[in-house]
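1. One predicted model, sequence on top.
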Amino acid sequence: MKKLLELLCGLLSGIALFAIMALTFFDVLGRKFVSRSIPGSLELTELLMVVVIFAALPLVSLRGEHVEFDSLDPYLPRWVRTLQQVLVNALVGVGLLALGWLMWRTGGDFASFGETTAQLQIPKYPFIYGMGVMCALAGLVHLALMRWRVQHGEEPREGTAL
């Protein structure tokens, strides 16, 4: 399951990032050489950024690469650090699941109202639904990490420390 998550989220995020790069490249070429920009390039870039960020969220959670403040960790006993990680994963997991549910509801509202982007008239609801699914997936990852740490007493993985 972990390999499938890494493959699908990584592929989705990577393709969207490549599309942003290609869009920006051709947009700049068009402006420089033919004095014409690609219509709606800003909207497309914004939508693709949503895909990059939210598709990567479950991977960041899975790999423990969130920014964290760990100045007190050397002074805390191992059992306190493990308990802290379990509680943090539980709270973040429940919070992300709730956020995913709210985004799913918002996607339904956007679909029923026919919300679209201003220039290209691209429907917004598929992106909102995708954000909800990725938040919920990241929430499930955090709940799985919480359970893993309880069963195995594993030290938390290193993230980016401040």
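-> Cool, the structure landed.
2. What residues sit buried inside the host helix or strand of Ala111?
-> Here Ala111 sits within helix 78-113, counting by DSSP states H and E. Residues 81-82, 85-86, 88-90, 92-93, 96-97, 99-100, 103-104, 106-107, 110 are the ones in helix 78-113 that count as buried (16 or more other Cβ atoms under 10 Å). Using the backbone N, CA and C atoms, a C-beta is placed for each residue, glycine as well.
3. where along this protein do the helices fall?
-> 2-33, 41-63, 78-113, 125-152 (DSSP state H).
4. any chance of those helices in CSV, plus mean pLDDT and distance to Asp70?
-> CSV is the format used below for the helices of the chain (pLDDT from 0 to 100; distance: least, Cβ to Cβ, whole Å):
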stretch, mean pLDDT, distance to Asp70
helix 2-33, 95, 25
helix 41-63, 95, 16
helix 78-113, 94, 9
helix 125-152, 89, 16
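5. and those helices as CSV, adding distance to Gln119?
-> Converted to CSV, the helices of the chain look like this (distance: least, Cβ to Cβ, whole Å):
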stretch, distance to Gln119
helix 2-33, 14
helix 41-63, 6
helix 78-113, 17
helix 125-152, 15
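6. Which one of those helices lies nearest to Phe69?
-> Distance to Phe69, taken as Cβ to Cβ, is lowest for helix 78-113 among the helices of the chain, at 11.2 Å.
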